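**Student:** model this:
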Amino acid sequence: MKEAIFSEEIIVSSGAIDGNGHVNNVAFVGWMQDVATRHFESAGCGEAMRAAGATWVVRSHHVEYLGPAFEGDRLRVLTWIVDFGRARSMRRYRFLRASDGKLLVRGETDWVFVSAKTGRPCSIPEEIKRAFALVPSDGEP
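**Tutor:** Just a heads-up that it's a prediction; the model follows:
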């Protein structure tokens, strides 16, 4: 059975802390990309992507910061796919403080499936689309 929402935990390292003493916004964007990649690979889609001669690139990120995270905090990261188009897919994220479940950051990424040779958008293979259970935009956690 396909799991609609992928979850993992991270512990904030000192390298993620900025001059204000909390997690730098760029760290969250990096974690969004990393967790999306791990979710994709955990669904067994890496080989289908390589066979298609394609890769994913970011069209846009939207991130909303609701509260700070600090060194040593354990964060629960959730991600899921909202939809698939011909060559695009919207993915959402939530970062929760594990100790109390407080929502610290929410975000989304508009991903585009592109030819690894030309960089031009190409159709997402049905095999990849079938590997994920979608979470509609009104069904967010």
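**Student:** So for stretch 37-57, what gets flagged as buried?
**Tutor:** His39, Phe40, Ala43, Cys45, Ala48, Met49, Ala52, Ala54, Trp56 (16 or more other Cβ atoms under 10 Å). For every residue, glycine as well, the C-beta is placed using N, CA and C.
**Student:** and which of these is nearest to Cys122?
**Tutor:** Ranked by distance to Cys122 (Cβ to Cβ), the buried residues of stretch 37-57 are led by Ala54 at 5.6 Å.
**Student:** that older thread, identify the farthest-apart pair in the buried residues of stretch 37-57.
**Tutor:** Greatest spacing in the buried residues of stretch 37-57, by Cβ to Cβ: His39 and Ala52 (18.2 Å).
**Student:** quick one: the residue most central in space within the chain and Ser7, what's the gap?
**Tutor:** In the chain, the C-alpha nearest the mean C-alpha coordinate belongs to Ala36, at 3.4 Å (Cα atoms, centre = their mean). In this view, Ala36 and Ser7 are 13 Å apart by Cβ to Cβ, to the nearest Å.
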